[in-house]
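Asks: here is a sequence together with a model predicted from it:
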Amino acid sequence: MVSNIGSSGISVDGLISGLDSSSIIEQLVAIQSKRILTLESQQAEETSKIGLFQQLQALALGVRTASDTLKNPLTFNKNTATSSNQDILTVTATENAAVGTNTITIEQLATNNQFVSNRFRNADDSSGVSGILTLTVGEGASAIKTEITLTNSNNSFAEIREAINNSGAKARASVVQVDSSDVPFRLVINAEDPGTAGAFTVAFGNSSFLSTETNEAAGAGAGTDTATIDDGDGSTFAFTSARPIPGSTPTVKLDAVTIAEKLATPTISGIRNDDANGNLEDKTIFYYKVTAIDSSGETVGSEIVSQNTGDGGGDQSNILTIGRVANNTDLTYKIYWSYTADFSDSIVGGTVVDPGTDIVANPTVTFTHTLDGEAEVTPITPGASPTTATQGYTIDFDTGTVRFNDTQAEAVRLTYQHGGLDFQESQTAQDAILKLGTGSTSFSITKNSNTITDLFEGVTINLVKADKTAPITISVATDTADVTGSVNKFLDALNKVNAFIEEQSFFDVDTGDTGALIGDPNVFTIRNRISSIVTSAVTTIVAGKIRSIGEIGVTINPETGNFFLDSSRFSGILNDTPDEVRDLFAALGNATDIDISVAAFSSDTKTSSLTGYSVSITRAAARAEIIGAQNISGGLAQDETLTIVSENTTSVIALKSGASALSVVSDISSALLGVGIKNVIANFDSSTGKITLRTKEFGSDQTFKVTSSVASGTARSTGLGATTANTERIYIGVDVAGTINGESATGTGQILVGSTNNTNTDGLKLQVTVSASSLLAQGANQGSVVVSRGIGAQMEEFLAFLTDETQEGAIQSAISQSNGRIDDFKEAIEEANERAQRERERLVNEFAQLEQALGTLQTTSSFLTSQLKQLEANAHAFAARAGRRR
């Protein structure tokens, strides 16, 4: 037999007693260990319950997610919008859009005003211009001008682009590569805003973007001085297709004396090549201007403007302006040219003239050559007329020259001007024109953008293409499919919870089998609360409106308890009464006063009665604001410097005498934005002639400071300063103040929030827009607000509590209880095991003592037996000896 050694180290093997002591001990201990098995079984049941409650929690979270969707009022305001032709017009609708249809015809799309420069080779090339570049948006008194100073240190095309983009002007410039030629780039300026409201003009200096080169040469004595612009390379299309080519160096010849490398763009040969390559574009204008000054100081000037309005075709014109600029003396010029039958010439405002005709300039005359269609200018044949002309200009299309003939014998100075930028309008600004409706009752609407958001509330229309013959139908409808889907998800999630509880709480009367959660009070609480929320009427909805789920087509299966939605019936009800369906499910706050709105409320806010919570406002919110003390409708009468400080940022604005009121506002606004001050805005009230500074937001955290170099009492000043010049004034906003339901509330800006621990209004947040003047007129009583929780809102709040691990809802309570019992069982099992171990050790010791006692008895028995046998042997021996003696 295998020996058994107890924890005492004593071997109990039954060698003496012959007993199976180990088996006897285990059987005796097992009798006492039956309670451990019971405890372990109960512990396993509690562990299983935790798993089941965790499954229930997951299912409840599904209901909570679906409830959260129905809790949101915007879920029920979703609309769909469709266009009958999306190639012409696309449309979207928000929850604010009105259901219905409208017909629109797009007669014209809105376009952004656009200007393009001459071509140039590289963005880093100098434009050759310097002076003031002015961008003007708008017209008249409302025009906003932005001036950009260009010098030789910042006049490359790339630098001009950056200067425009950083200027604050409502226009954006970019360098665009139009082709792969040697001179592929243009500077393009686009209006930031489409339509005529964004239209702008570009000006440089007084009128043009011409660069100037000047040189003097001696006259030819008694002969005729001849000034020639000549690039040395003839071109048939020298002026009919002229355009500037930056980077080239033409040659100026004055009385056979060449002035080399004095002039910049353009070259006639480059122009010719551009034309031959088909690179000419519409609306390209190029300027040549030559001025000769004789010794008497009298000046004769001319300008040739060459325009190409099509690639090698279309109407083309050469314009010459001729005249003395020193005085009004009449001058007679003879102009020579050669032309085809389609080449006509006329004095502007006059009649067609022939070559060599005397033209009187008093003091100037403008002469136009017009080339029609595809006709080409025929090169002039050298002859007596051009070469012997004594006073005037000869246009030589063969050699690409303009020759100025002056009968004066004195020295002359030649000034050559050429276009370095020469911005030309490439796209006019125009508004979108729509026709609303059809037939005789239709009418036109003008919009300054192709994205229209203010025609129908809640509807955004994107104009794609104009087509006067294609009326487009815009339809807005309630998105019933989306809402129906949301309600079905909610009901499906409820059915899953119901099915799970049914499965875990069943009782089979025939077999006596039960679910694991039968009789659990937490499950009973969950089932009853969910059923109560879904089947009860919403008490904050007035009688006569939809108040229960059964009124929207939801039925309950009497056998399974599952919910079912009649989608067809529901869609009809949703179309007819969308607000009532929303109120049935959503969390809503409704105010009776137009100046009060419910911004939000928390789970701590109690649902109100139908009469709601009264609102009392004792102080209206206000912005930080200063209204100028002076009328400046006539403009500033003196220079004035304003220093405005906001959010630890300072802006110093230097205003000039004579600036208009709108210019002052523009300068202030630009300066504030320039340093990052975005919360202070400037406005001009034309009815009072005064300027206002104020913060965008309301409340005591809105503040700014103003210092003016001019006292506020100074006539035609901004009036924004203090009564004493150079004295700082501070302006602070005001927070709203009041109570809700007679309970305390805290105001921040226009927001009034019920205080923490309020009995009813804790977390109720109201937006109060009433002004101080209106409050004074109306009084403190600002009506009431009703806090309503529909089915979705009630369910979401209940399940939020139910499933939140930080709360003690039914599920968390059940899990906590089971965890507590598991801990109790664990402790009891440990104690029982300890008792069983102690019992085992006691039995082992007792059996060991038994064996030991038996061993001792056995030893004694053996000794006595041995002694008895010895005595018997001794007796026999004694008897034997005694017998022999006899």
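Replies: That came through, no problem. Numbering: from 1, shown residues only.
Asks: quick one: residue 175 and residue 590, what's the gap?
Replies: 57 Å (C-beta to C-beta, to the nearest Å). C-beta: built from backbone N, CA, C; applies to glycine.
Asks: next one: residue 781
Replies: 17 Å.
Asks: same question, residue 134
Replies: 55 Å.
Asks: do residue 559 as well
Replies: Per C-beta to C-beta, residue 559 is found 40 Å from residue 590.
Asks: what of residue 708?
Replies: 47 Å.
Asks: could you do residue 830 as well?
Replies: From residue 830 to residue 590 the distance is 60 Å (C-beta to C-beta).
Asks: these two - which one has more neighbours?
Replies: Counting neighbours by other C-beta atoms under 10 Å for residue 830 and for residue 590 shows that residue 590 has the greater number, 16 against 12.
Asks: show me the contacts for that one.
Replies: If you count contacts by C-beta atoms under 8 Å, 6 or more residues apart in numbering, residue 590 has them with 598, 612, 785, 786, 788.
Asks: go again using 7 Å as the cut-off
Replies: Each residue near residue 590 by C-beta atoms under 7 Å, 6 or more residues apart in numbering is listed here: 598, 785, 786.
Asks: got it, and residue 731?
Replies: 624, 625, 626, 703, 704.
Asks: and residue 799, how many residues sit next to it?
Replies: 28.
Asks: do you know how far residue 651 is from residue 774?
Replies: 33 Å.
Asks: so which of these two has more stuff around it?
Replies: Neighbours of residue 651 and residue 774, each counted by other C-beta under 10 Å, are more numerous for residue 651; the result is 20 against 14.
Asks: and the more buried one, how close does it get to residue 877?
Replies: Taking C-beta to C-beta, one finds residue 651 at 141 Å from residue 877.
Asks: right, and residue 635 touches residue 656 too?
Replies: No - if you go by C-beta atoms under 7 Å, residue 635 and residue 656 don't touch, sitting 9.7 Å apart.
Asks: how about the nearest residue to residue 764, chain neighbours excluded?
Replies: Nearest residue to residue 764 in three dimensions, chain neighbours excluded: residue 754, at 4.1 Å (C-beta to C-beta, 6 or more residues apart in numbering).
Asks: confidence score at that neighbour?
Replies: For residue 754, the pLDDT comes out at 97.
Asks: and it, what is it in contact with?
Replies: 605, 740, 743, 745, 761, 762, 763, 764.
Asks: let's see it at 6 Å
Replies: 740, 745, 761, 762, 764 (C-beta atoms under 6 Å, 6 or more residues apart in numbering).
Asks: state the number of residues packed around the first one.
Replies: Just to be clear, that refers to residue 740. Around residue 740 there are 27 residues (other C-beta under 10 Å).
Asks: pull the distance from stretch 871-886 to the chain's centre.
Replies: 132 Å (C-alpha atoms, centre = their mean, to the nearest Å).
Asks: in that stretch, what counts as buried?
Replies: By 16 or more other C-beta atoms under 10 Å, stretch 871-886 has no buried positions at all.
Asks: so for it, mean pLDDT?
Replies: Stretch 871-886 comes out with an average pLDDT of 75.
Asks: give the closest residue to residue 523 in space, chain neighbours not counted.
Replies: residue 517 (4.9 Å).
Asks: the one you found and residue 818, how far apart?
Replies: With C-beta to C-beta as the criterion, residue 517 and residue 818 are 11 Å apart.
Asks: how about residue 719?
Replies: For residue 719, the distance to residue 818 - C-beta to C-beta - is 76 Å.
Asks: for residue 548, list the residues it contacts.
Replies: Going by C-beta under 6 Å, 6+ apart, the list of residues near residue 548 reads residue 537.
Asks: over to residue 631?
Replies: residue 689.
Asks: now swap in the one 10 residues further on and tell me
Replies: Residue 641 makes contact with 654, 709, according to C-beta under 6 Å, 6+ apart.
Asks: quickly list what it is bridged to.
Replies: Here residue 641 sits in beta bridges with residue 654, going by DSSP bridges.
Asks: any idea how far residue 868 is from it?
Replies: In terms of C-beta to C-beta, residue 641 sits 140 Å off from residue 868.
Asks: ranges for the strands of the stretch 351-500 of the chain?
Replies: All strands of the stretch 351-500 of the chain, identified by DSSP state E, counting those that start in this stretch, fall at 358-361, 364-371, 392-396, 401-406, 412-419, 424-427, 432-436, 443-447, 451-452, 459-463, 472-478.
Asks: domains in the chain, by residue range?
Replies: For the chain, automatic domain parsing gives the domain ranges 4-57+830-885, 79-108+434-478, 114-204, 212-415, 591-621+736-787, 625-732.
Asks: chain center to the shortest one, what's the gap?
Replies: Pointing back at domain 79-108+434-478 there. 24 Å.
Asks: cool, and the last one?
Replies: Between the centre of domain 625-732 and the centre of its chain there are 30 Å (C-alpha atoms, centre = their mean).
Asks: and the strands in the stretch 501-650 of the chain, which stretches?
Replies: So, for the stretch 501-650 of the chain - with DSSP E, counting those that start in this stretch - the strands run 554-556, 563-565, 587-591, 596-600, 613-619, 625-627, 640-646, 649-655.
Asks: can you redo those as a markdown table with mean pLDDT?
Replies: Putting these into a markdown table (pLDDT from 0 to 100) gives the following:
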| stretch | mean pLDDT |
| --- | --- |
| strand 554-556 | 94 |
| strand 563-565 | 95 |
| strand 587-591 | 94 |
| strand 596-600 | 95 |
| strand 613-619 | 97 |
| strand 625-627 | 96 |
| strand 640-646 | 96 |
| strand 649-655 | 96 |
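Asks: between the ones you listed, which gets nearest to residue 770?
Replies: Nearest to residue 770, of all the strands of the stretch 501-650 of the chain, is strand 613-619, at 6.2 Å by C-beta to C-beta.
Asks: against residue 73, how distant is residue 584?
Replies: Counting by C-beta to C-beta - residue 584 and residue 73 are separated by 11 Å.
Asks: give me the more crowded residue out of these two.
Replies: The residue with more neighbours, out of residue 584 and residue 73, is residue 584; 26 against 19, by other C-beta under 10 Å.
Asks: is it true that residue 721 touches residue 709?
Replies: No - taking contacts as C-beta atoms under 6 Å, residue 721 lies outside contact range of residue 709: 7.5 Å.
Asks: these two: which is more packed in?
Replies: Taking other C-beta under 10 Å, residue 721 and residue 709 do not tie; residue 721 has more neighbours (29 against 16).
Asks: what about the more buried one, which SS state?
Replies: Secondary structure assignment for residue 721 (DSSP: H, G, I helix; E, B strand; the rest coil): coil.
Asks: which residue packs closest to it, ignoring adjacent ones?
Replies: residue 708 (2.6 Å).
Asks: what count of nearby residues applies to that neighbour?
Replies: The burial count for residue 708: 27, using other C-beta under 10 Å.
Asks: any idea how far residue 715 is from it?
Replies: Residue 708 is 14 Å from residue 715, by C-beta to C-beta.
Asks: please apply the same query to residue 40.
Replies: 99 Å.
Asks: next, the contact list for residue 68, please.
Replies: Going by C-beta under 6 Å, 6+ apart, residue 68 touches residue 796.
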